[in-house]
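Participant: Give the three-dimensional model of this entry:
(chains A and B)
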2 protein chains.
Amino acid sequence: MLTELASRPMSPNLALNQQVAERRANGEDILHLGFGESRLPAFEPLVDSLIAGARRNAYGPVQGDAAVRAAVAGYFTRRRLPTEPGQVMVAPGSKPLLMALNLVLPGDVVLARPAWNSYAPQAFLAGRHTIAVPIPAEAGGVPDPAALVRAIAAARRAGRDPRTVVLTLPDNPTGTLAPPALIRRICAIAEQEDLTVVSDEIYRDVLHDPATPFLSPAEVIPHRTVVTSGLSKSLALGGWRIGVARFPGDDTGRVLRDNVLSVASEVWSTLAAPMQEVATYAFAEPAVLRDHLAAGARLHGAVARAVHGILTAAGAACRPPTGGFYVYPDFEPLRPVLAAKGVTDSPSLARHLLDTSGLAVLAGHLLGDDPGALRFKAATSMLYGDTAAQQREALDAADPLTLPHVAAGLRRIDDGVRALVA
Amino acid sequence: MLTELASRPMSPNLALNQQVAERRANGEDILHLGFGESRLPAFEPLVDSLIAGARRNAYGPVQGDAAVRAAVAGYFTRRRLPTEPGQVMVAPGSKPLLMALNLVLPGDVVLARPAWNSYAPQAFLAGRHTIAVPIPAEAGGVPDPAALVRAIAAARRAGRDPRTVVLTLPDNPTGTLAPPALIRRICAIAEQEDLTVVSDEIYRDVLHDPATPFLSPAEVIPHRTVVTSGLSKSLALGGWRIGVARFPGDDTGRVLRDNVLSVASEVWSTLAAPMQEVATYAFAEPAVLRDHLAAGARLHGAVARAVHGILTAAGAACRPPTGGFYVYPDFEPLRPVLAAKGVTDSPSLARHLLDTSGLAVLAGHLLGDDPGALRFKAATSMLYGDTAAQQREALDAADPLTLPHVAAGLRRIDDGVRALVA
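Facilitator: Down below sits the predicted model:
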């Protein structure tokens, strides 16, 4: 029956997790920098709201109940995106929402290169063709504008039909944020080329410096932008699976929202009701939560900058991280040194770091990048500690870099990178 | 951009919910029998386990953690299906698991006619062709064996490739359970015709009489059967979104499981960690939970049988319900009487009941049935009451039919059906 069933690849971060678990089981000491998790304990008021919602066992509306949609609408409205509750929906994570968009949006989808590792497999599952466009020098998360225009023209000549572009603001994997001028250029191209923009803003509240200017494409071209977000990253709630989407407020936006709701009704029903209670609290952003968010962003920034410093000191090129908890170094300047060790591409680079220094990183080609490039993603949030107490200490510290467990992790990265380039 | 985006239909039960809400907002008094929800409060020990898991905020393994998989494996093993933890996975409801199976299984999918309203739309979203085969006289949830053989042959002659058959045991919408002899015939056909069986057993613990013989296809043809289940129905936890799947334990079963895990990793990550705590408790089936399940099954049976009695007394044909909380009457014997009122098919039948008696039911054609037939599904669980106190009273009552609020609902159905056939 299933004998001819072809094996599908596991999501690469998942596969790496498993590899790390196996090596650890064999007694190896691995520093796991390959998983995009904000390693912090659950904030107590969030736990309280989950407990407050613990008796809510009935199916609610697919879109989310009125209270949670009002809270999410308020969240976007406070970010210069005036939003009615009818424009938003909640889901068990932003992944299912992104998948539903893939299932209902027509045509091919343009992705930045590199990009978060689930965009392309989702498009593939939905039967959509992807077009990867390199990121510009200044920031990741968006295709280079000139390359985007060329890629669209080439795709159309080849009979393809590019109709969607996915942006990640701030970006995973590069930890950078496309500046407003760049967003405006992408938006102008989207308008001119008739593309729908899917703006993944799940790292928006993890900007290291709150003064960093953030421009959503939904401010520029609201009629053709869908924004997705969630609580997994900013509030370290990956294990609670809370995602949201914001649709355009016009008639075509309503059709798109209804089509996503149709998919939701068949594929996942709705976000669990107790989690809607959490989302209602969190998206209302009480002051205590805003303080907690700010403390997290400070920690993410301090540690990401420290790792960035280690990498550039060793000679790698690396965009300075300004959001999220990632760095994405490029060892191209050191290609001859690395080649002498048999490290000639991103698979051999990641393997070498794991084998010789016990550093697990996500190789760039697993994020759609050129396999010949010497690039990888490292999640710096894995340095906050293995226990809730260590993580809380890191969050509360005036200078987390001086904490022994954080300093030890940084030293270990430093040792591994120095050994690589020696 | 999106101007040419075609509208997708809403899931029909969702559309009916909305229609009911609008009519109620206009002051109409509607008895809503169109939604498959077990209307009972959350059982307190389940609430306790959710609270116990409320601090679990980290992403866990996609498949579910070791504890929950051990509990689910034990659940199946106690049901004559020896199961290793590696064979099972958890998810936010069984819907995403069924969707993932649609995305990874090859070929066309055979569905019973009628069938639960999400199977066909999921197959469509995954680009799969469906083949609907009528149910036999004795029970729903399975295609009639002789018709199944003919339909497969006809499909192959037409160039189609039937490769999967979905069974629902016990069935939604008919509230009946295919007996073991019928399951064995279907399994023999699956073996002979090389079909994978997806056995949706989410109503298994809602058999009204625990002595009813239940045979899972996974006992007969384990190497080609995937079982799905969940806690939404038996434990009235629709709003918590907890589903499970059990895969064959052999090599091809492992490939299928890994492919579903691959989809899960890209589309929904995992079941929320606090809900895994609940699932660990529930699938271990402590005595207090078994008693609660038994009380629920007794209530479901008593009310479903009462509604069945009303329908058959009025002259409708209706299979006696033995599982779940549904009845699926056929008013064909009364076609001339109904025709005189302009009721000639399932859309006009459902509309007439709603307009003249305020009874909201799900018309048979919305479940894939012949639109010309005079059939509908009624969810009898909606009679337990609108408040948690009423629902608890119904659950605890020696004879729930004598409770004023339950009796009032039954009387209203009786009045509506009598008026229909008068």
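Participant: What is the helix-or-strand element of chain A with minimal mean pLDDT packed up against?
Facilitator: Ranked by mean pLDDT, DSSP states H and E, the weakest helix or strand in chain A is helix A:12-25, scoring a mean of 84. Applying 3 or more Cβ pairs under 8 Å, 6 or more residues apart in numbering or on different chains; DSSP states H and E, we find helix A:12-25 packed against strand A:359-360, strand A:362-363. All C-beta atoms are positioned from the backbone trio N, CA, C, and that covers glycine.
Participant: Could you dump those into TSV with mean pLDDT, distance to A:Arg204 and mean neighbour count added?
Facilitator: Formatted as TSV, the helices and strands packed on helix A:12-25 follow (pLDDT from 0 to 100; distance: least, Cβ to Cβ, whole Å; neighbours: other Cβ atoms under 10 Å in any protein chain shown):
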stretch	mean pLDDT	distance to A:Arg204	mean neighbour count
strand A:359-360	96	27	24
strand A:362-363	96	22	26
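Participant: Of these, which is nearest chain B?
Facilitator: The closest of those to chain B is strand A:362-363. By Cβ to the nearest Cβ, the value is 13.8 Å.
Participant: what angle separates the helix or strand where A:Ala264 lies from helix B:251-267?
Facilitator: Remark: A:Ala264 resides in helix A:251-267, with elements defined by DSSP states H and E. Helix A:251-267 and helix B:251-267 are oriented at 150 degrees to each other (axes from the mean of the first three to the mean of the last three Cα atoms, to 10 degrees).
Participant: elements contacting helix A:251-267?
Facilitator: strand A:88-91, helix A:94-104, helix B:94-104, helix B:119-125.
Participant: Distance from the shortest one to the middle of the chain?
Facilitator: So that's strand A:88-91. 18 Å (Cα atoms, centre = their mean, to the nearest Å).
Participant: near chain B, which residues of the stretch 51-200 of chain A show up?
Facilitator: A:51, A:54-62, A:92-93, A:95-96, A:99, A:103-106, A:118, A:121-122, A:125, A:127, A:163, A:194-196 (Cβ under 8 Å from any Cβ of the partner chain).
Participant: low pLDDT regions in chain A?
Facilitator: Residue ranges of chain A with pLDDT under 70: A:1-5.
Participant: can you give me the strands in it?
Facilitator: Along chain A, counting by DSSP state E, strands occupy A:31-32, A:88-91, A:108-113, A:130-134, A:162-168, A:196-200, A:225-230, A:243-246, A:326-327, A:359-360, A:362-363, A:376-379.
Participant: Check which helices and strands the second one sits against.
Facilitator: Translated: strand A:88-91. helix A:66-77, helix A:94-104, strand A:243-246, helix A:251-267.
Participant: Adjacent strands (with direction) for that strand?
Facilitator: Its sheet considered, strand A:88-91 pairs with strand A:243-246 (antiparallel) by DSSP bridges.
Participant: quick check, distance from the strand it pairs with to the centre of its chain.
Facilitator: 14 Å.
Participant: Show me which residues of it are buried.
Facilitator: For strand A:243-246, the buried set under the neighbour-count rule, 16 or more other Cβ atoms under 10 Å in any protein chain shown, comprises A:Gly243, A:Val244, A:Ala245, A:Arg246.
Participant: just those residues now: which is nearest chain B?
Facilitator: Nearest to chain B among the buried residues of strand A:243-246 is A:Gly243, at 9.7 Å by Cβ to the nearest Cβ.
Participant: ok so, going back, pick the most deeply packed of the helices and strands packed on strand A:88-91.
Facilitator: strand A:243-246 (a mean of 27; mean count of other Cβ atoms under 10 Å in any protein chain shown).
Participant: Touching that strand from outside, list them.
Facilitator: For strand A:243-246, the surrounding residues in contact (Cβ atoms under 8 Å, 6 or more residues apart in numbering or on different chains) are A:72, A:76, A:81, A:83, A:87-97, A:101, A:202, A:218, A:226-232, A:260, A:271, A:279, A:283.
Participant: give the contact list for A:Val361.
Facilitator: For A:Val361, the contacting residues are A:Leu33, A:Gly34, A:Ala350, A:Leu353, A:Leu354, A:Phe376, A:Lys377, A:Ala378, by Cβ under 8 Å, 6+ apart.
Participant: re earlier: ok, of the residues of the stretch 51-200 of chain A next to chain B, which come out buried?
Facilitator: Listed as buried from these are A:51, A:54-62, A:92-93, A:95-96, A:99, A:103-105, A:118, A:121-122, A:125, A:163, A:195-196; burial here means 16+ other Cβ under 10 Å.
Participant: on that earlier part again, using CSV, write out every CA atom in the helix holding A:Ala264.
Facilitator: Output of helix A:251-267 as CSV, limited to C-alpha atoms (Å, rounded to 0.1, in the frame of the first residue of the first chain):
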residue,chain,number,x,y,z
ASP,A,251,-14.1,44.0,0.5
THR,A,252,-11.3,42.0,-1.0
GLY,A,253,-9.7,41.8,2.4
ARG,A,254,-13.0,40.4,3.7
VAL,A,255,-13.1,37.7,1.0
LEU,A,256,-9.5,36.7,1.8
ARG,A,257,-10.3,36.6,5.5
ASP,A,258,-13.4,34.5,4.8
ASN,A,259,-11.4,32.1,2.7
VAL,A,260,-8.8,31.7,5.4
LEU,A,261,-11.7,31.2,7.9
SER,A,262,-13.1,28.5,5.6
VAL,A,263,-9.7,26.7,5.7
ALA,A,264,-9.5,27.2,9.4
SER,A,265,-12.9,25.7,10.0
GLU,A,266,-11.9,22.6,8.1
VAL,A,267,-8.3,22.2,9.3
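Participant: roughly how far is it from the heart of the chain?
Facilitator: The chain centroid and the centroid of helix A:251-267 are separated by 23 Å under Cα atoms, centre = their mean.
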